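# Turn this into a structure:
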Amino acid sequence: MIPKAITAQVECAPGKVISIETGRLAKQAGGAVVVRMGDTMVMATTVVSDSVRPGQGFFPLMVDYREKFSSGGKIPGGFIKREGRLNDKEILTSRLVDRAIRPLFPDGYLNEVQVIGSVISADDEHDGDMLFGLGASAALLLSGAPFDGPIAEVRIGRVEGGFIVNPTLEELESSDFNLVVAGKLDSIVMVEGEMNEVSEEDMVEALGVAHEAIIKVCQVQLDLRSAFEEEHGTVEPQSYETNTPDPAIIDRAREAIQEKLEAHVWAPYEKKSFYGGLNSLEEEAVEAVVSGSEDPKELAPEALAAARIVSREVMREMVLAEHARIDGRDPQSVRPIWCEVGYLPRVHGSSIFTRGETQVMASVTLGTTRDQQAVDQVFDQEDKHFFLHYEFPPFSTGEVKFLRGASRREVGHGYLAERALRQMIPDVEEFPYTIRVNADVLESNGSSSMASVCSGSLALMDAGVPVRKAVAGVAMGMIADETRHVVLTDILGTEDHLGDMDFKVTGTRDGITACQMDIKIGGLSSDLMLQALEQAREARLHILDLMDATLANTRESMSPHAPKLTQITIDTDSIGAVIGPGGKIVRSIQADTGVVIEIEEKDNLGYVTIAGKNESSVNEAVAIIRSLVVSPEIGEEYEGIVRSVLDVGAVVEILPGKDGLVHKSQLSWEWVEHPRDVVQIGDKMKVRLMQINDRGRLQLSHKVTLPRPKNVEFRDNSRQQSSPRGNRRPRGPKPRGRRRH
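Numbering: from 1, shown residues only. Okay, here's the model as predicted:
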């Protein structure tokens, strides 16, 4: 018997219907739902552990999103025909959902929670990433986990000035917004996306549109749970214990170190001494709390957690009451900045951007279309000609750790910086290079992703990439209580952990290009959000002024070590002439000139990209290709090469792939017994095209390009459509033997 499905649906926007189903699939999971929009379906499951692992000291939330190729009727590319590790798109989607739901579990909750999303059906219109956010929330509600939801994620686009909720993949192509917003019934909790130089006011308006849709999608989850409970009984909430310090222990730690903490945070700031002093005071609090206890070792972890709560309270009060910060700045100030470009002599472009104790060295590598990043995903198959890789080695924070592959954090931070710069990168038709930016974090205390944006922008300009405008980024924070709030510019690492909201904003002088926000408090008004965005804009303009002082415009010439690359367009009908039978012609051009040639058909044109080590070889190849796509004209003279010698004459190639016959009567003004007497294979020969016969064969003459003897009468027949007869053998007996010259 087929189990009964429990369903609910909602129209999140006109014509955009989302349905949720539970009760049929994955029934042994704690909660399982299937979310559908169009023909795209995502199954989300949740399993929650009943107990805490011994020694567990953090909340072990695991979120994984997978796009199965079978869902779209596809087979993975490459040698191994099965899904492997998460690709970047899957990692980024997993991070989006993790960031939205993690803050909604109780402080001190340490039970293992695993959320898995699987795309089980994929159409060509609707991406599955937003559906996973909704499905994860609904599955958690059905599992009985202590989850302060529901939440929903929606994507916002804008086409021709009108906002669109959950735009199709086609609508996104013409949208100047690609904004993902997660929220609850009463607040927004997470924002991330890219925009094409939009204003702060437009940004706030987009968030308002998103929240209206989020409220509808959250409500349908509550409706689904109610329908489920009518069928199966009340979802029993999980019983659990939180690992938080006893209030009495917090009070004892406060008595022990509060005054010393207040003095310490007001002292002149230096990272090493600040954190060293903070650690010493926390250890002092632990000693004071465990002193005289029956089991000091067992009490120590709780005492340390209490000391850190006191430290957080002191630093937050410093900001709220005095509008002062631990490094002595006021809330609006940006740390000192210095920049340098061209630091690395052999790379194609480089820069160093240092802001306070955060430093990023960026390098740019230029390549051909063969170097593009291949994309093999369910919803996206378009290769990337611009990409940024971000690396965060342990020495940047003075730590010792194993070096592994790129972490989820590195993938997420790098993609944010890539999004920030992408809108300013020229189209491949304008600048046909593949562009790779490496952002290496050398120091970190504050947002290294925003420093990567600044350093990457300078390195691109140093490489001669014609970026439309310079881009800068800044990390903002906010600390608030019931009656007070302070917005902080260019936050330190500690301020990031202290705050109730942190958000990163990148852009040009004319608007925002990317953002990332995590909001930990509810009831954030649009006026307060606009204030924070305006404060970020002022900081961004200040940073751009300093970047312009280092390099204001893209360099006119590229590095001598960069490949020389030119792109020309030809008619699609001429592509075959350039390639030749079996690729013979294009291989010949590459062998003769030493260049690399790539041909692509797009928008009813052929794009021919020629890359070489020097400009002369590229120009030579361009000239050959242009000659291939030009039809020979009667009466024109060409510098040809003898490709073969026949009894009746010589076959001369006048253009790559185009040859004709020079009859032996047209080789010289004098009598020629056999063509081999006057020409050899490989000889260069100047010829004139005399005629193209009905079969398309070219008839050439060499002798008409030579000085004519005075006693020989000549009539130029190249303008006529009759066969040339300029050097007929005189009447009389045929000469015997070879004629000596």
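# in the sheet, who's paired with residue 36?
Beta bridges link residue 36 to residue 19, residue 41 when assigned by DSSP bridges.
# I'd assumed residue 21 was in contact with it.
Yes. Between residue 36 and residue 21 a contact is recorded at 7.4 Å, counting by C-beta atoms under 8 Å. (Glycine included, C-beta is placed from N, CA and C.)
# Now do the end-to-end distance for stretch 333-341.
25 Å (C-alpha to C-alpha, to the nearest Å).
# Check what contacts it and list those residues.
With C-beta atoms under 8 Å, 6 or more residues apart in numbering as the contact definition, stretch 333-341 has outside contacts at 327, 329, 349-357, 446, 454-455, 458-459, 461-462, 474, 489-490, 539, 542-543, 546-547, 549-551.
# Go through it and flag the buried ones.
334-335, 337, 339-341 (16 or more other C-beta atoms under 10 Å).
# Can you get me the centre-to-centre distance for stretch 47-58 and its chain?
36 Å (C-alpha atoms, centre = their mean, to the nearest Å).
# Okay, buried residues for it please.
Buried residues in stretch 47-58 (16+ other C-beta under 10 Å): 47-49, 52.
# what does that stretch contact?
Everything outside stretch 47-58 that qualifies as a contact, by C-beta under 8 Å, 6+ apart, is 29-30, 60, 110-114, 143-145, 238, 241, 243, 301.
# Looking at those, which are in helices?
143, 301 (DSSP state H).
# which residues in the stretch 151-300 of the chain form strands?
Here the stretch 151-300 of the chain has its strands, by DSSP state E, counting those that start in this stretch, at 152-159, 162-165, 177-183, 188-198.
# returning to that earlier point: for residue 555, state which of the buried residues of stretch 333-341 is nearest.
Using C-beta to C-beta, residue 341 is the member of the buried residues of stretch 333-341 that lies nearest residue 555, at 8.8 Å.
# For that closest one, give its distance to residue 478.
34 Å (C-beta to C-beta, to the nearest Å).
# Residue 69 too?
In terms of C-beta to C-beta, residue 69 sits 42 Å off from residue 478.
# Between the two, tell me which one has more neighbours.
residue 478 (26 against 18; other C-beta atoms under 10 Å).
# picking up where we left off before, type out the ChimeraX command that picks the buried ones from the contacts of stretch 333-341.
Only the buried entries of the contacts of stretch 333-341 go into this ChimeraX selection, using 16+ other C-beta under 10 Å:
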select :327,329,349,350,351,352,353,354,355,356,357,446,454,455,458,459,461,462,474,489,490,539,542,543,546,547,550,551
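# out of the contacts of stretch 333-341, which are inside strands?
349-355, 474, 489 (DSSP state E).
# how many other residues sit next to the nearest residue to residue 277 once chain neighbours are set aside?
Nearest residue to residue 277, sequence neighbours excluded (C-beta to C-beta, 6 or more residues apart in numbering): residue 264, at 5.2 Å. Around residue 264 there are 19 other residues, counting by other C-beta under 10 Å.
# Do I have it right that residue 264 meets residue 276?
No. The pair residue 264 / residue 276 is not scored as a contact, 10.3 Å apart, by C-beta under 8 Å.
# Tell me which stretches of the stretch 1-150 of the chain form helices.
88-101, 129-143 (DSSP state H, counting those that start in this stretch).
# Please identify the most buried of those.
Of all the helices of the stretch 1-150 of the chain, helix 129-143 carries the top mean neighbour count, a mean of 28, counting by mean count of other C-beta atoms under 10 Å.
# how near is residue 685 to residue 660?
11 Å.
# Next: residue 583.
Taken as C-beta to C-beta, the span from residue 583 to residue 660 is 23 Å.
# ends of stretch 181-197, how far apart?
End to end - C-alpha to C-alpha - stretch 181-197 spans 18 Å.
# Let me see the mean pLDDT of that stretch.
For stretch 181-197, mean pLDDT rounds to 94.
# Kindly report the same for stretch 633-645.
Across stretch 633-645, the per-residue pLDDT values average to 89.
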